[in-house]
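Undergrad: Provided below for reference: sequence and predicted model.
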Amino acid sequence: MTDTVFIQSLSVDTVIGVYDWEKTIQQNLLFDIEMTTDIAAAAASDDLADTLDYEAVSNRIIDHVTHARVELLETLIEQVAQIIIGEFGVQQVTLTVHKPGAVKAAQSVGLRIVRRAA
Ligand SMILES: Nc1nc2c(c(=O)[nH]1)N=C([C@H](O)[C@@H](O)CO)CN2
């Protein structure tokens, strides 16, 4: 499959971090998501039901991340990848998470992972 449904700079505020002071504040995370898919069926039918709904994926991730209470970006990004693969039937996802406020001297820091369905 060579088609991609993407979500760029999905912005979510949540409580995340390893330090005590971070557990009392909301911080902003930005997610870039690329999901390998096949758009052929939807292109032929013009029906949302035949494709990967980027709005549904966005809303699910916003809900999960908003309520998650973890320390590391590693934990959170792995959870998000497994939701996208497990609940939306995505074969491969490339997922980037930015924590732009974490390091004052950097524009952004974060992680990028690629995960495939088993
Ligand atoms: N690889 C990571 N490094 C760091 C993380 C993280 O989640 N993954 N987190 C922190 C702190 O929470 C930091 O964001 C506080 O400014 C430090 N390094």
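TA: Arrived safely.
Undergrad: what's the mean pLDDT across the helix or strand Ile62 falls within?
TA: Assigned by DSSP states H and E, Ile62 belongs to helix 54-67. For helix 54-67, mean pLDDT rounds to 98.
Undergrad: now it: buried residues?
TA: Val57, Arg60, Ile61, Ile62, His64, Val65 (16 or more other Cβ atoms under 10 Å). Quick note: C-beta positions are derived from backbone N, CA and C, even for glycine.
Undergrad: identify the residue spatially nearest to the fifth one, adjacent ones excluded.
TA: Closest residue to His64 apart from its sequence neighbours, by Cβ to Cβ, 6 or more residues apart in numbering: Ile83 at 6.1 Å.
Undergrad: swap in the third one?
TA: Counting by Cβ to Cβ, 6+ apart, Val80 is the residue found nearest to Ile61 once chain neighbours are left out, at 5.8 Å.
Undergrad: only alpha carbons, please: show stretch 41-54 as CSV.
TA: Output in CSV follows, covering the C-alpha atoms of stretch 41-54 (Å, rounded to 0.1, in the frame of the first residue of the first chain):
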residue,chain,number,x,y,z
ALA,A,41,-12.5,1.8,-2.3
ALA,A,42,-13.4,5.3,-1.0
ALA,A,43,-12.2,6.9,-4.3
ALA,A,44,-14.6,4.6,-6.1
SER,A,45,-17.6,4.9,-3.8
ASP,A,46,-17.2,8.5,-2.5
ASP,A,47,-18.3,7.1,0.9
LEU,A,48,-16.6,8.0,4.2
ALA,A,49,-17.4,4.5,5.5
ASP,A,50,-14.9,3.1,3.0
THR,A,51,-11.9,4.9,4.3
LEU,A,52,-9.9,5.8,7.4
ASP,A,53,-11.7,8.7,9.0
TYR,A,54,-9.0,11.2,10.1
